[in-house]
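A.B. asks: take a look and give me a structure for this.
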Amino acid sequence: MLHPAVQEVVRQHDFIEQWLGGQGATEAGWQVFCGALADRFEMVVPDGAVVRRADLLEGFRSARGARPGVRIEIRNAALLSGGGSDDVGASVAAQTATVRYEEWQLHPTLENQRISTAVFERSEAAPLGWAWLCLHETWLPQQ
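C.D. replies: Numbers count the residues shown, from 1 in each chain. Predicted structure coming up:
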């Protein structure tokens, strides 16, 4: 069984595919997407810029339907650390999880691949109990 933080990577990208493709993404889904990102979420995009949560959400909000037909595949996802015990005195490692994965965006006119490392923190408000704290993406060579 996959760790919930790994499941969260797949769940969030399923929504991103629907949102960018303009197929099946709902306003309720948008709220879940936003709720999965911690308030202090930051992302390092493949070109090296740091994007804060508010700016990311603003950009995504306007990108609905921008890539009809896009498919997003998550490959080689693995829990690298954390995500352990639920004990009352649990360590910081049990309150955070780190996941590395490949994201393959497949589209007839623009394809790209990236390898990403995401850090999650436990959150009762997040869809699967793990909120995105930070994400670092790096381009993979074109295949």
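A.B. asks: past the worst-scoring helix or strand of the chain on mean pLDDT, which element shows up next along the chain?
C.D. replies: Ranked by mean pLDDT, DSSP states H and E, the helix or strand of the chain with the weakest confidence is helix 92-95, at a mean of 72. With elements assigned by DSSP states H and E, the helix or strand that comes after helix 92-95 is strand 96-106.
A.B. asks: pLDDT of that following strand, averaged?
C.D. replies: The average pLDDT within strand 96-106 is 97.
A.B. asks: and it, C-alpha only, in PDB?
C.D. replies: The C-alpha trace of strand 96-106 is given here as PDB (Å, rounded to 0.1, in the frame of the first residue of the first chain):
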ATOM      1  CA  THR A  96       6.700  15.300   7.800                       C
ATOM      2  CA  ALA A  97       7.200  13.200   4.700                       C
ATOM      3  CA  THR A  98       9.400  13.600   1.700                       C
ATOM      4  CA  VAL A  99       8.400  12.200  -1.700                       C
ATOM      5  CA  ARG A 100      10.400  12.100  -4.900                       C
ATOM      6  CA  TYR A 101       8.600  11.500  -8.200                       C
ATOM      7  CA  GLU A 102       8.700  12.100 -12.000                       C
ATOM      8  CA  GLU A 103       6.000  14.100 -13.600                       C
ATOM      9  CA  TRP A 104       5.400  13.500 -17.300                       C
ATOM     10  CA  GLN A 105       3.200  16.000 -19.000                       C
ATOM     11  CA  LEU A 106       2.100  14.500 -22.300                       C
END
